[in-house]
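**Student:** need a 3D model of the following:
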Amino acid sequence: MVMALASFIGCNQQPAASLDVVSVFPTDGYHGFKKGDVITIEFNRPIDPASFTLAYASESEGLKPDQVNVSFAEDDTKVTIEPKQPLAYSPDDTYAYYSFEVGAKLVDQNGNHLTEPLQVTFSTLRTLKIKVLSVPELDGSGTGLQIFPSETVVFVGDTSGNVGVRGFLAFPWPDDAQEIAQAMLMLVCVSKQGSPFVSLGMLNIEPVSLGDDLQADDIYAPALASPISDDGVGWACNPDQRLHYDTTDFALTAWDEDLPRLDLRLRFDTATDSDDAADLVGFFARETEETIGPGLLPTLDLTYYGP
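**Tutor:** Numbers count the residues shown, from 1 in each chain. As a prediction, the model looks like this:
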């Protein structure tokens, strides 16, 4: 009778409830943790918040216990760990790793310990560099009445018919870009007719927002920022000279506007001087790659952050 009762009691005893991790971000081996991201851990049972303070450990700069804010939600089943300062990105294309651990000192509200310690190593964004070539379909010139896409040379200035001409170039973001750091534009002027810098003023480069193809009224599209202006002093207008412009602010503006590219318009201060003579400068465009090679094409030397 006693043995039967003991057997009955043993069969009805419930196993101790286990405390387990349900999900974690970032996962172990994750690449691409960026500014604004936080670490989140979800458990299958409510935890004792005080024990989490004892269980959390990290030797990584920026994740040490006194360098993070810890908060609890969803009836203490979810923990958020927020670095007080953004974790540093890698300064180059190597990975900058960070690690943290939640050990067995963590208990739930019934005193059950974490079944297995949680150990996570992840990396922040890397600093990557690439030469971005322009989009051939968006390399072109326009007059307001006509548009000339996919040009081998992009012209800017005015014609002998006293019609102002503006040029366009567009540079897409890399697929893995998460943030933009720097953007340097390189152009090669290959032709000059008349005296555009004398009669039309400064050459202006400004960011705009183009559609999927060039339209005639794109020459009137509102500029997204004040232009970079060049007085043309020292221009040789031959393939041996490279013209460089810091378009970082333009790129940041386009990125913040959630645009798919950096679209640029080139124009002079004055549309036309009405002298019945052409005043133009011409720049190599993407469509000339097969004949001149990639070294003379318009490029955007882009530094960006990616996983």
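
**Student:** what pairs with residue 21 across the strands?
**Tutor:** Residue 21 forms beta bridges with residue 43, as assigned by DSSP bridges.

**Student:** that one and residue 252, how far apart?
**Tutor:** Applying C-beta to C-beta, to the nearest Å, the value for residue 21 to residue 252 is 38 Å. All C-beta spots, glycine's among them, are computed from the backbone N, C-alpha and C.

**Student:** next: residue 23.
**Tutor:** Relative to residue 252, and taking C-beta to C-beta, residue 23 is found at 34 Å.

**Student:** these two: which has the busier surroundings?
**Tutor:** residue 252 (18 against 10; other C-beta atoms under 10 Å).

**Student:** tell me the contacts of the more buried one?
**Tutor:** Counting by C-beta atoms under 8 Å, 6 or more residues apart in numbering, residue 252 touches residue 180.

**Student:** then residue 161?
**Tutor:** residue 276.

**Student:** which stretch of helix or strand covers it?
**Tutor:** Counting by DSSP states H and E, no helix or strand carries residue 161.

**Student:** domain assignment for this structure?
**Tutor:** Taking automatic domain parsing as the reference, the chain has its domains at 17-124, 129-306.

**Student:** Serialize those to JSON lines and add fields for mean pLDDT.
**Tutor:** Putting the domains of the chain into JSON lines (pLDDT from 0 to 100) gives the following:
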{"stretch": "domain 17-124", "mean pLDDT": "97"}
{"stretch": "domain 129-306", "mean pLDDT": "94"}
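
**Student:** and among the ones you listed, the most buried is which?
**Tutor:** With neighbours defined as mean count of other C-beta atoms under 10 Å, the domains of the chain peak in mean count at domain 129-306, which reaches a mean of 18.

**Student:** distance check, residue 285 against residue 199.
**Tutor:** Counting by C-beta to C-beta - residue 285 and residue 199 are separated by 24 Å.

**Student:** just the helices in the stretch 1-150 of the chain please.
**Tutor:** Remark: helices assigned in the stretch 1-150 of the chain by DSSP state H, counting those that start in this stretch are 2-11, 49-55.
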